[in-house]
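> Fold the following.
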Amino acid sequence: MAYKELVALLNQGSKTWNAWRKKNPDIKVDLSSANLSSADLIAADLSGANLLGANLSDANFYSANFRSAILMGADLSFIGLRFADITSANLISANFRYADLIDTDLTCANLSAADLIGANLSGANLSGANLNGSQVLHTNFTQATLTGACIADWQISSSTILENIKCDYVFRTYDDEKQQYSGRLPVDVESTFAPGEFAQRFQIIASALETIDITFTEGIDWKAFFQSFQELRQRYPQQDIGIQGIEEKEGALIVRLKVEAEETGVELEQLKGHIETTEKQLYSVQLSLREAEGQLKVYREMMGVVQTLALRPMGDQNFYAPVGNVAGTNQGQMTAYINQNNEAISQLIAALRTSAQTFPPEQKDDVLMELDDLEGDLNKPEKQEPKRIGKRLQRLIAAGAATTTLAGGAATFAGNVNDFTANVLDLGEKIGLTRDMIQP
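Sure thing, here's the model as predicted:
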């Protein structure tokens, strides 16, 4: 049936539309890019329909049937979908901003990168739904069901309402290529969340401004510090870490970091401890790398400059400018390197996995997960970006250094980490990145 005829028929209302669909169940309904804004289609049968990129804003689809429909990129902002059936629908990048989705059935729906800001999902069934990368700021999930949903990289804040959530378990990671969920929480497949536990884990309770003092007793290698600081900010993107000031105290230099944390009490202190430890580890990695390259220069002569800085407040000056660049390598060049050195790259990744088996459990899991992500990126031309791959290699080096730190510098771990780091650097060269590009 012609596109215009379908739109005209649908605009006659759900009663006429449903009667036609009942008589013509085998006709493919293609309404892609259709403008159905402000339409009144209560209880309309749109199961299996193609609504790719359609404009459904301000429409009323109360109790409508969208089962297995394609709504990828559709505009459903301010829509009324209460009690609708949207099970197994493709809703990638759909716009549900401020939509009324109370009691809507979204079982196994694909909501990857969907805009759910301000949407009312009270009582909605999101069992098994894919919320990977979705925006859920100011979203109301009161009494919603999230058991088996994937919440990888969803953008949540203290404005997200998670009251009385019904959730036995969720998944934290998503494989785009395999289209599979992983990273189950709770980890034990026999365990489930206790009542209220999901909200306690994922709802940010309060916001507080805190500082962390990092003390340097032997001067500062400023290049190493700022590179480690950039990596620290990338590891804790939600905390908006900045440099509040620098001062000299009894011959030592103190760099005071400001942290916007939304945890409180014991959790806040633990977070601050993790951030402090991470920064020290990252700085140590930078020093080791620079020393290995014969570039270590500790700027003790800068004490006078720092003393001058310490005499006046630094306020919130911008220390966030990126350090280093990967301008010498573009995506096309990297793809060529990867294709040319594919076998060597596979061997190096295999060697890294073997080395990781000797690491303490926490570092081992981090490294193996990072290697999985790296291998996935290398297999996808669209993700073979120098900056993206470089950051993954940086995180691998940092994780290896953390192993030595946690092991107290034990010779066995140090040897393994040296081999691990050397393999990461070799891997970077096979991919087309210089050593400077992949230093954390």
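> drop to CA atoms for contacts and neighbour counts, all remaining ones
OK.
> What ranges does this protein have for its helices?
Using DSSP state H, the helices found in the chain span residues 3-10, 14-23, 197-202, 222-235, 265-292, 303-310, 331-340, 342-356, 361-378, 386-406, 411-431, 435-438.
> Pick the most deeply packed of those.
With neighbours defined as mean count of other C-alpha atoms under 10 Å, these peak in mean count at helix 386-406, which reaches a mean of 22.
> So what angle separates the directions of it and helix 331-340?
Angle between the axes of helix 386-406 and helix 331-340 is 60 degrees (criterion: axes from the mean of the first three to the mean of the last three C-alpha atoms, to 10 degrees).
> about what we covered before: Cys108 is nearest to which of the helices of the chain?
Among these, the nearest to Cys108 by C-alpha to C-alpha is helix 197-202 (19.3 Å).
> how is the protein carved up into domains?
1-204, 208-310, 331-438 (automatic domain parsing).
> For the most centrally placed residue in the chain, which residues are in contact?
Centroid-nearest residue in the chain, with C-alpha atoms, centre = their mean: Asp153, separated by 3.5 Å. Contacts here follow C-alpha atoms under 8 Å, 6 or more residues apart in numbering; on that basis Asp153 touches Asn132, Gly133, Ser134, Arg172, Thr173.
> Please tell me which one of the residues you listed counts the most neighbours.
Asn132 (26 neighbours; other C-alpha atoms under 10 Å).
> Would you mind listing where the stretch 1-150 of the chain has pLDDT under the threshold?
Low-confidence segments of the stretch 1-150 of the chain, defined by pLDDT under 70, are absent.
> can you give me the strands for the stretch 51-200 of the chain?
Ranges of strands within the stretch 51-200 of the chain are 170-175, 180-185, based on DSSP state E, counting those that start in this stretch.
> Name the stretch among those that sits most buried.
Stretch with highest mean neighbour count among these: strand 170-175 (a mean of 20; mean count of other C-alpha under 10 Å).
> tell me the angle it makes with strand 180-185.
Using the same axes, to 10 degrees: strand 170-175 against strand 180-185 is 150 degrees.
> contact partners of strand 170-175?
132, 146-153, 180-186.
> Chain neighbours aside, what residue packs nearest to Gly251?
Leaving aside its chain neighbours, Gly251 sits nearest to Thr217 (7.1 Å; criterion: C-alpha to C-alpha, 6 or more residues apart in numbering).
> Count the neighbours of that neighbour for me.
Quick note: Thr217 (other C-alpha under 10 Å) scores 12 neighbours.
> cool, the one 4 residues further on as well?
The burial metric for Asp221, expressed as a neighbour count using other C-alpha under 10 Å, is 19.
> Check the gap between it and Leu287 for me.
8 Å (C-alpha to C-alpha, to the nearest Å).
> rewinding a little: turn the helices of the chain into a markdown table, including distance to Phe61.
Listed next are the helices of the chain as a markdown table, based on distance: least, C-alpha to C-alpha, whole Å:
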| stretch | distance to Phe61 |
| --- | --- |
| helix 3-10 | 12 |
| helix 14-23 | 9 |
| helix 197-202 | 30 |
| helix 222-235 | 42 |
| helix 265-292 | 44 |
| helix 303-310 | 62 |
| helix 331-340 | 44 |
| helix 342-356 | 51 |
| helix 361-378 | 39 |
| helix 386-406 | 41 |
| helix 411-431 | 51 |
| helix 435-438 | 51 |
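> what's the least confident stretch among those?
Looking at the helices of the chain, the lowest mean pLDDT belongs to helix 303-310 (a mean of 47).
> list the contacts for Asp115?
Ser93, Ala94, Asn95, Phe96, Arg97, Ser134, Gln135, Val136.
> How about the first one: what's its closest non-neighbour residue?
By the measure of C-alpha to C-alpha, 6+ apart, the closest residue to Ser93 outside its immediate chain neighbours is Ala114, 4.2 Å from it.
> Lys430 too?
Nearest to Lys430 is Asn341, by C-alpha to C-alpha, 6+ apart, at 6.1 Å.
> quick one, phi/psi of the one you found?
The phi/psi pair for Asn341 (degrees, to the nearest 10) reads phi -110, psi 30.
> neighbours around it, how many?
Neighbour number of Asn341 under other C-alpha under 10 Å is 16.
> quick one on the thing from earlier: include distance to Gln333 when you put the contacts of Asp153 into CSV, please.
As requested, those are exported to CSV (distance: C-alpha to C-alpha, whole Å):
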residue, distance to Gln333
Asn132, 30
Gly133, 29
Ser134, 32
Arg172, 33
Thr173, 30
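> Of those residues, just say which sits nearest to Ala109.
Asn132 (11.3 Å).
> which residues sit in contact with the closest one?
Contact analysis of Asn132 by C-alpha under 8 Å, 6+ apart lists Leu111, Ser112, Ala113, Cys150, Ile151, Ala152, Asp153, Trp154, Thr173, Tyr174.
> Ramachandran coordinates for the residue nearest to the centre of the chain?
Phi and psi for Asp153, reported as degrees, to the nearest 10, are phi 60, psi 20.
> distance of Leu111 from Val367?
Counting by C-alpha to C-alpha, the gap from Leu111 to Val367 is 29 Å.
> do the same with Ile345
Per C-alpha to C-alpha, Ile345 is found 16 Å from Val367.
> Name the residues of stretch 380-387 that come out as buried.
Residues Gln384, Glu385, Pro386, Lys387 are the ones in stretch 380-387 that count as buried (16 or more other C-alpha atoms under 10 Å).
> An error on my part: the question was meant for stretch 185-197.
Buried residues in stretch 185-197, counted by 16+ other C-alpha under 10 Å: Leu185, Thr192, Phe193, Glu197.
> Let's have these in TSV, adding distance to Pro360.
Output for those, formatted as TSV (distance: C-alpha to C-alpha, whole Å):
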residue	distance to Pro360
Leu185	21
Thr192	27
Phe193	27
Glu197	28
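> any idea which of these is closest to Leu232?
Leu232 has its nearest neighbour among the buried residues of stretch 185-197 in Leu185, at 25.5 Å by C-alpha to C-alpha.
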